[in-house]
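>>> Generate a structure from the sequence data that follows.
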Amino acid sequence: MAGANMSAAPSSVSADQQRHPVAFSVMTTVFFMWGFITCLNDILIPHLKGAFELNYTQAMLIQFCFFGAYFICSIPAGKILHRVGYKRGVIIGLCIAGAGALLFYPAAEYQTYGLFLGALFVLASGITLLQVAANPYVVALGPASTSSSRLNLAQAFNSLGTTVAPVLGGALILGGMEAASGAADAASVKLPYVGLAIALVAIAIILSFIKMPEMRDAEDQDEPASLSEALAHRHLFFGVLAIFLYVGGEVSIGSFLVNFLSEPIM
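All right, here's what the predicted structure looks like:
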């Protein structure tokens, strides 16, 4: 799953090492939701391309705005977590993502492609905060000896979301394209994305009432290294480069695949 492997744990946290099965169950739902939302873009690209008569460059602005939010918001997301803690960070991320999904309604109502791109950026900003917070949080929801197993299980639900999204998204979003034409197609995203917004906010509300460990970076830790200092480590630099190239290839193939498969066979 693109961008789903941010798993560095905080250097010092106040969480205990007890098991939290209910909290972990809800967190797996969070993993599922961001996998689902990310892969829904592959359905959104051909849909909006046809609705607004876009060329491929314009249509790929969907992924540019979505993953551009990862680049812009990842460092601010870390600062937010340092101030509010991991549980509140996850709740804030869910609410931001829910707000972004809800913005699809006015974007479809006004038939404006720019509003769709803005909604995607807000949605992805919330997903970015979730990814920065959720991976280390899952690691802390139990004994350290089983942390890798918990994280792998949570990531499995993320992959499940990427599997379900094209099927369900295709039925809900692309299903009505033949019955409509032009920008009227854009209205078919209202119901799916409003439903996503409701689901994300509902998960945030449930999390706020569940007893979960309060993780927070230690106040007395050393000042974190700057970006340039971190990238001075060769392994980190080449790791970032490898992920950049891998995600670029993965996202590009998935984004164009639906359009390619829908081309008429000569």
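
>>> When you work out contacts or count neighbours from here on, use the C-alpha atoms and nothing else.
Will do.

>>> Can you give me the pLDDT of the residue positioned nearest the centre of the chain?
Geometric centre of the chain, nearest residue: residue 127, 3.5 Å, by Cα atoms, centre = their mean. In this prediction, residue 127 carries a pLDDT score of 95.

>>> same deal with residue 147?
83.

>>> from here on, count from 313
Yes, from this point I'll number from 313; that puts the last item at residue 459.

>>> Give me the three-state assignment for the spatially closest residue to it that is not a sequence neighbour.
Closest residue to residue 459 apart from its sequence neighbours, by Cα to Cα, 6 or more residues apart in numbering: residue 451 at 4.8 Å. Following DSSP: H, G, I helix; E, B strand; the rest coil, we place residue 451 in the helix state.

>>> Now do residue 451: how many residues are near it, please.
Neighbourhood size, residue 451 [other Cα atoms under 10 Å]: 25.

>>> show me the contacts for it.
321, 459, 460, 462, 463 (Cα atoms under 8 Å, 6 or more residues apart in numbering).

>>> One more: residue 416?
427, 428, 431, 501, 502, 505, 506.

>>> Swap in 7 Å and give it another go.
428, 431, 502, 505 (Cα atoms under 7 Å, 6 or more residues apart in numbering).

>>> Please name the nearest non-neighbouring residue to the first one.
Read it as residue 428. Residue 428 sits nearest to residue 419 (Cα to Cα, 6+ apart), 5.4 Å away.

>>> Distance of that neighbour relative to residue 407?
19 Å (Cα to Cα, to the nearest Å).

>>> follow-up on the earlier one: kindly indicate which of the contacts of residue 416 lies nearest residue 477.
Of all the contacts of residue 416, residue 505 has the smallest distance to residue 477: 12.2 Å, by Cα to Cα.

>>> what helices or strands is the helix or strand where the closest one lies leaning on?
Using DSSP states H and E, residue 505 falls within helix 502-521. Helices and strands touching helix 502-521, by 3 or more Cα pairs under 7 Å, 6 or more residues apart in numbering; DSSP states H and E, are helix 398-414, helix 416-422.

>>> So which of the ones you listed is nearest residue 514?
Here helix 398-414 is closest among the helices and strands packed on helix 502-521 (Cα to Cα), at 9.1 Å.

>>> Which residues does that closest one contact?
So helix 398-414 is contacted by 392-393, 431-432, 434-439, 441-442, 445-446, 449, 505-506, 508-509, 512-513, 516, 519, 526-528 (Cα under 7 Å, 6+ apart).

>>> by how many degrees do that helix and helix 502-521 diverge?
160 degrees (axes from the mean of the first three to the mean of the last three Cα atoms, to 10 degrees).

>>> what's the average pLDDT for helix 398-414?
Regarding helix 398-414, the rounded mean pLDDT is 94.

>>> Just the C-alpha atoms of it, please, in CSV.
C-alpha atoms of helix 398-414 as CSV (Å, rounded to 0.1, in the frame of the first residue of the first chain):
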residue,chain,number,x,y,z
TYR,A,398,-0.9,9.9,19.5
LYS,A,399,-4.5,9.2,20.4
ARG,A,400,-5.6,12.7,19.8
GLY,A,401,-3.5,12.8,16.7
VAL,A,402,-5.4,9.9,15.2
ILE,A,403,-8.7,11.5,16.1
ILE,A,404,-7.7,14.8,14.5
GLY,A,405,-6.5,13.0,11.4
LEU,A,406,-9.8,11.1,11.1
CYS,A,407,-11.7,14.4,11.4
ILE,A,408,-9.6,16.2,8.9
ALA,A,409,-10.0,13.3,6.4
GLY,A,410,-13.7,13.3,7.1
ALA,A,411,-13.9,17.0,6.3
GLY,A,412,-12.0,16.4,3.1
ALA,A,413,-14.4,13.7,2.1
LEU,A,414,-17.4,15.9,2.9
